[in-house]
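**Student:** Mind looking at a prediction? Sequence and model below.
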Amino acid sequence: MSRAERVERAVEIATAIRLAAAAVEDRQAAGRLGRAERLVLRDVGPSVPKRRAAALLGISVTALQRWIATGRLPVVRRPGGREEVDAAALLDLLEEVRRLREDEGMTRGAVARAFRTLAVRGLPRRKLRPNESPQALRGSYLLSTPGERLREAAELSYAATALLRHGARRRARETDAA
């Protein structure tokens, strides 16, 4: 079984677990299902190949590319420069699409409606992309809401703090070794 097939299967399982956890009223059981989901997602990694993501969503790769081009679905760059769909964003989207198709019987437009539904909750979260031009950054800023800007600032603050902490630990180890 190839990596892409394993990833597709793991995402299918994680989605089924997530939908089951949402239907369970017992908090302890839901917590166990959440843990099972996290264990399964370890096999997925940070990204899913575009062809597999499109198959999971039941759309064409071209349609998936359009959602990516509009910035609605974040991507991750793999070594070698290949882009793949962000696994966390895909799982959020897939959960909502499955809910719409199974609970509401939607056959057409489920992905677009899922994006609108998720946008209310601030999902899928936009990934910070380094090396964007100033014009692209300004455009993103003007299209964002104050809440999105605050969330992004908090993420940057958390990342900077984590990097500083890591650097301080490294310097302390180097000092101790000397």
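**Tutor:** Happy to help now that I have it. What you see is a predicted model; the values in this text were computed from it and never measured.
**Student:** so how far is residue 17 from the nearest residue to residue 87 once chain neighbours are set aside?
**Tutor:** For residue 87, ignoring the flanking residues on the chain, the nearest one in space by Cβ to Cβ, 6 or more residues apart in numbering is residue 44 at 4.9 Å. (Glycine included, C-beta is placed from N, CA and C.) Note on residue 44: its distance to residue 17, by Cβ to Cβ, to the nearest Å, is 12 Å.
**Student:** can you confirm residue 81 is in a helix?
**Tutor:** No. Under DSSP: H, G, I helix; E, B strand; the rest coil, residue 81 falls outside any helix and is assigned coil.
**Student:** Ramachandran angles for residue 106?
**Tutor:** Dihedral pair for residue 106: phi -70, psi 140, per degrees, to the nearest 10.
**Student:** Quick one: residues contacting the nearest residue to it once chain neighbours are set aside.
**Tutor:** Excluding its sequence neighbours, the residue lying closest to residue 106 (Cβ to Cβ, 6+ apart) is residue 100, at 4.6 Å. Neighbour list for residue 100: 106, 110, 113, 114, 117 [criterion: Cβ atoms under 8 Å, 6 or more residues apart in numbering].
**Student:** neighbours around the fourth one, how many?
**Tutor:** Same thing as residue 114. Neighbours of residue 114 under the rule other Cβ atoms under 10 Å: 24.
**Student:** Grab the nearest non-local neighbour of it.
**Tutor:** According to Cβ to Cβ, 6+ apart, the nearest residue to residue 114 is residue 96 (3.8 Å).
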